[in-house]
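Novice: any chance you could fold what I've pasted below:
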Amino acid sequence: MVIKASCHCKATTFEVTEAPAAVTFCTCSFCSKRGSLWAYYSPAQFKLTSPAENVTVYEWGSKTVKHGFCAVCGCGTFTETPDWSTGEPDFDNPKISVNSRLFDDFDLDQIEVVVIDGKNLW
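Specialist: Model prediction:
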């Protein structure tokens, strides 16, 4: 089941290959201000369907994670990140985390929200 997503102005669009089993709310300073609920995918499960120039990237700190946002309306869209499941960045296993709040025609109320204490982890 393909799920389509779009920012507020629809200049940035993407799709993922399946519904998330759960989404993550991170309490770090960046994510908590952004208000995203992250769903994680492999690069093969993600497709940017709008022009790449419609996405601007913000990198902070270690410059390990690329935080994408729409260059027109500013909505946080997706990130390109190494896998962090072991606590260390695994650059051989990249992930795309998408802001699931941007899913079109999808009921997020039915999905479990997992809180990550990013405020105290990094």
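Novice: output the longest helix belonging to the chain.
Specialist: The residue-count maximum for a helix in the chain (DSSP state H) belongs to helix 29-34.
Novice: other SSEs contacting it?
Specialist: Contacts defined by 3 or more CB pairs under 8 Å, 6 or more residues apart in numbering; DSSP states H and E place helix 29-34 against helix 118-121. C-beta coordinates here come from the backbone N, C-alpha and C atoms, glycine included.
Novice: which of the residues in the helix it packs on are buried?
Specialist: Gly118 (16 or more other CB atoms under 10 Å).
Novice: determine the set of other helices and strands touching it.
Specialist: Going by 3+ CB pairs under 8 Å, 6+ apart, helix 118-121 lies up against helix 29-34.
Novice: report the distance from the helix it packs on to the chain centre.
Specialist: Relative to the mean C-alpha coordinate of its chain, helix 29-34 is positioned 12 Å out (CA atoms, centre = their mean, to the nearest Å).
Novice: give the buried residues for the next helix or strand after that helix.
Specialist: Sequence order places strand 38-41 as the next helix or strand after helix 29-34, per DSSP states H and E. Going by neighbour count (16+ other CB under 10 Å), the buried part of strand 38-41 is Trp38, Ala39, Tyr40, Tyr41.
Novice: quick revisit: now do the longest helix of the chain: everything it contacts.
Specialist: Contact partners of helix 29-34, identified using CB atoms under 8 Å, 6 or more residues apart in numbering, comprise Phe25, Cys26, Trp38, Trp60, His67, Gly76, Asn99, Gly118, Lys119.
Novice: next: stretch 42-54.
Specialist: 4, 11-18, 55, 70-72, 78, 94-96, 98.
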